[in-house]
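J.: Let's see this in three dimensions:
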Amino acid sequence: MGAKKPRVVIIGAGISGLAAARRLHACAGDHVDIVVFEAGDRIGGRIFTSEFAGARVEIGATWIHGIDGSPVYEIARKAGALIPDDHGESGIHWERMDGFPSDSLTLAEGGTAVSTSVLHRISALFSHLKDLIASGDTGTGGMTSVGAFLRRGFNSYRASQKEIAVDWTEEAAFAMHECAERTYTAVDDLESLDLAAEKEYLEFPGEHMTVPGGYSRVPEFLAAALPPSAIRLGRAVSLVEWRRSAGCEPVRVHFEDGAVEPADHAIVTVSLGVLKSGLNFSPALPDAKRRAIGRLGFGLVTKLFMELEKDDESKIPFPFLRIAFDPGRRIACIPDWIRRTESICPIHRGSRVLLAWFVGGEAAEVEKMEDEEIIRGVHATFAGVADGRKFGRITGVRRSGWGRDPRFLGSYSYVAVGSSGDDQDELAAPLPRDRSPSPPLQILFAGEATHRTRYATTHGAYLSGVREADRLLRHYGCQSCGS
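T.: Numbering: from 1, shown residues only. Prediction:
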């Protein structure tokens, strides 16, 4: 690498920043000076394992999306996180430890149980439409959004059933699937999700699973391989200063406390939400990069955990409850913020901890509400679908707050209508623009939003960090290595 030891500053100690740091340290060792600056008081970013009401819960990332060939699964395995920690005689229970049950109870507003035949038909229809989107075989006819394509498919189905009496629960069941799709993609409205880009999205094959030992074990494992002084918490960045051409100490990272750190390279791993809010760069980011940041979508997903009052008299556990709201009818006094929620369910069979997911505007509202208002709304929902069933009472809640946290300002990215995978590639491109054989690579960008095919996942975040580390290793003539 030469006489001068290169200095690499990494902004953000989420999984992408830690992956980049670990890769550089494993492959270059003492030949490169690495420091990771984190604004918060912990590592992990949007991975955050915690406990609530005696159960292990994931405030952020929950699933490993496919385990065959997955680097995140392999790290979790090496970290021993695929085996639950001891917690009393029976071991701790964790979120979705039993997957998703096949015996869910689906109720429509007013207490009508949606028939199995309706659920099977609508589920098959929705799965078929999703398969068409993934294959690109949509016959779009000018349509640009996922929402428009799904609705066209449902309307075509209903038109084909004209000889059969219309069942209003079909509409409610289809809307329920749309709500679930909003949760997966973090979009407030499926009309804003780009149809063409969906076929580029990839998952690793194999089952989807949660992490028995807690997802936070993954970033902790990455961090453990770094020198103790490499990660510095509580260091909020206010400005990233760079040069349009190579020079001595081209990068200067300014902090809110007035300190300045010089470096040869900076890897920026902050969320797309933070980039959208205007993280300061001097000179300003090129127009093409700023336009890409503006066009890409960044959504908010809020997880609401609820503790059921313990009732020794009750012998019936809370069901895996799915709620089918018909957008065209209102029967009960259920608050608007809960009407696009797909389910309220125990985090595992028999648990007194319930979970509901909220997206977009409803997610932002849930983050702002007082606990008592949330509990009243949930009780109103129980009453609105119960029809004589007893669901119990909520005694406490805990929710995520990614939208209100200035270090994130949302949950994960999506390709919005008007954007494309080209914008993800543009976001990932290093600065300054230099197509020479050895560009200066002053500012590099990582994070899930910079990965064209695995965005919105921990896989994408991890792989993007490795990508930028390898870019620097090639720059200095080093061989990349396993880490």
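J.: wouldn't His93 be in contact with Ala55 here?
T.: Yes - in this structure, His93 is within contact of Ala55 by Cβ atoms under 8 Å, at 5.4 Å. The C-beta positions use only the backbone N, C-alpha and C, and glycine is treated the same way.
J.: tell me, what's touching these two both at once?
T.: Counting by Cβ atoms under 8 Å, 6 or more residues apart in numbering, the residues touching both His93 and Ala55 are Ile347, His348, Ser351.
J.: Give me the subset of those that lies in strands.
T.: Among those, no member falls in strands (DSSP state E).
J.: For those residues, give me CSV that also has distance to Gln442, neighbour count and pLDDT.
T.: Output for the shared contacts of His93 and Ala55, formatted as CSV (distance: Cβ to Cβ, whole Å; neighbours: other Cβ atoms under 10 Å; pLDDT from 0 to 100):
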residue, distance to Gln442, neighbour count, pLDDT
Ile347, 45, 24, 95
His348, 48, 19, 93
Ser351, 50, 22, 93
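J.: so which of the residues you listed would you say is closest to Trp402?
T.: The closest of the shared contacts of His93 and Ala55 to Trp402 turns out to be Ile347 (Cβ to Cβ; 18.9 Å).
J.: shouldn't the closest one be in contact with Trp357?
T.: No - the criterion here is Cβ under 8 Å, and Ile347 misses it with Trp357 at 11.8 Å.
J.: ok, so of the shared contacts of His93 and Ala55, who is nearest Arg232?
T.: Minimum separation from Arg232 among the shared contacts of His93 and Ala55 (Cβ to Cβ) is found for Ile347, which lies at 34.5 Å.
J.: Which residue, neighbours along the chain excluded, lies closest to the closest one?
T.: Spatial nearest neighbour of Ile347, excluding adjacent residues (Cβ to Cβ, 6 or more residues apart in numbering): Glu95 at 4.5 Å.
J.: And the pLDDT for Gly247?
T.: Each residue has a pLDDT score; the one for Gly247 is 59.
J.: For the longest helix anywhere in the chain, list the C-alpha coordinates in PDB.
T.: Ranked by residue count, the top helix of the chain under DSSP state H comes out as helix 116-135. Output of helix 116-135 as PDB, limited to C-alpha atoms (Å, rounded to 0.1, in the frame of the first residue of the first chain):
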ATOM      1  CA  THR A 116     -62.000 -20.500   3.900                       C
ATOM      2  CA  SER A 117     -63.000 -20.700   0.300                       C
ATOM      3  CA  VAL A 118     -62.900 -16.900  -0.100                       C
ATOM      4  CA  LEU A 119     -59.500 -16.800   1.600                       C
ATOM      5  CA  HIS A 120     -58.100 -19.500  -0.600                       C
ATOM      6  CA  ARG A 121     -59.400 -17.900  -3.800                       C
ATOM      7  CA  ILE A 122     -58.100 -14.500  -3.000                       C
ATOM      8  CA  SER A 123     -54.800 -15.700  -1.700                       C
ATOM      9  CA  ALA A 124     -54.200 -17.700  -4.900                       C
ATOM     10  CA  LEU A 125     -55.200 -14.700  -7.000                       C
ATOM     11  CA  PHE A 126     -52.800 -12.400  -5.100                       C
ATOM     12  CA  SER A 127     -50.000 -14.900  -5.300                       C
ATOM     13  CA  HIS A 128     -50.600 -15.300  -9.100                       C
ATOM     14  CA  LEU A 129     -50.400 -11.500  -9.600                       C
ATOM     15  CA  LYS A 130     -47.300 -11.300  -7.500                       C
ATOM     16  CA  ASP A 131     -45.700 -14.100  -9.600                       C
ATOM     17  CA  LEU A 132     -46.500 -12.100 -12.800                       C
ATOM     18  CA  ILE A 133     -44.900  -9.000 -11.300                       C
ATOM     19  CA  ALA A 134     -41.700 -10.900 -10.400                       C
ATOM     20  CA  SER A 135     -41.500 -12.500 -13.800                       C
END
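J.: And the next helix or strand past that helix?
T.: Tracing the chain C-terminally past helix 116-135 and defining elements by DSSP states H and E, one meets helix 146-160 next.
J.: ok, now how distant is Asp30 from Val378?
T.: Asp30 is 55 Å from Val378, where distance means Cβ to Cβ, to the nearest Å.
J.: More neighbours: the two, which one.
T.: More crowded of Asp30 and Val378, by other Cβ atoms under 10 Å: Val378, with 23 against 8.
J.: Kindly state the pLDDT recorded for the residue nearest the centre of the chain?
T.: By Cα atoms, centre = their mean, the chain has its centre lying nearest to Tyr412, at 4.4 Å. pLDDT, Tyr412: 97.
J.: How about it: what's its closest non-neighbour residue?
T.: Ala456 (4.2 Å).
J.: Tell me if I'm right that the one you found and Val415 touch.
T.: No - between Ala456 and Val415 there is no contact under Cβ under 8 Å: 9.5 Å.
J.: now the helices for the chain?
T.: Going by DSSP H, the chain shows helices at 15-28, 71-78, 116-135, 146-160, 168-185, 217-224, 272-277, 287-295, 360-368, 371-386, 421-428, 458-475.
J.: Need those in JSON lines (columns: distance to Gly60 and mean pLDDT).
T.: Formatted as JSON lines, the helices of the chain follow (distance: least, Cβ to Cβ, whole Å; pLDDT from 0 to 100):
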{"stretch": "helix 15-28", "distance to Gly60": "10", "mean pLDDT": "97"}
{"stretch": "helix 71-78", "distance to Gly60": "14", "mean pLDDT": "97"}
{"stretch": "helix 116-135", "distance to Gly60": "25", "mean pLDDT": "95"}
{"stretch": "helix 146-160", "distance to Gly60": "24", "mean pLDDT": "94"}
{"stretch": "helix 168-185", "distance to Gly60": "14", "mean pLDDT": "95"}
{"stretch": "helix 217-224", "distance to Gly60": "11", "mean pLDDT": "98"}
{"stretch": "helix 272-277", "distance to Gly60": "13", "mean pLDDT": "98"}
{"stretch": "helix 287-295", "distance to Gly60": "22", "mean pLDDT": "98"}
{"stretch": "helix 360-368", "distance to Gly60": "13", "mean pLDDT": "98"}
{"stretch": "helix 371-386", "distance to Gly60": "19", "mean pLDDT": "96"}
{"stretch": "helix 421-428", "distance to Gly60": "21", "mean pLDDT": "98"}
{"stretch": "helix 458-475", "distance to Gly60": "9", "mean pLDDT": "97"}
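J.: Could you look over these and pick the most buried one?
T.: helix 15-28 (a mean of 27; mean count of other Cβ atoms under 10 Å).
J.: what about the residue nearest to the centre of the chain, distance to Pro84?
T.: 26 Å.
J.: neighbours of the closest residue to Trp63 other than its chain neighbours, just the number please.
T.: Sequence neighbours aside, His208 is the residue nearest to Trp63 in space, at 5.1 Å (criterion: Cβ to Cβ, 6+ apart). For His208, the count of nearby residues is 15 (other Cβ under 10 Å).
J.: ditto for Gly136
T.: 12.
J.: contacting residues for it?
T.: Ala196, Lys199.
J.: Per-residue pLDDT of it, please?
T.: For Gly136, pLDDT reads 89.
J.: I'd like the distance between it and Leu202.
T.: 13 Å.
J.: likewise Ala288?
T.: In terms of Cβ to Cβ, Ala288 sits 25 Å off from Leu202.
J.: Return the residue spatially closest to Pro6, with its sequence-adjacent residues excluded.
T.: Asp264 (4.7 Å).
J.: May I have the phi/psi pair for Ala61?
T.: Backbone torsions of Ala61, given as degrees, to the nearest 10, read phi -50, psi 140.
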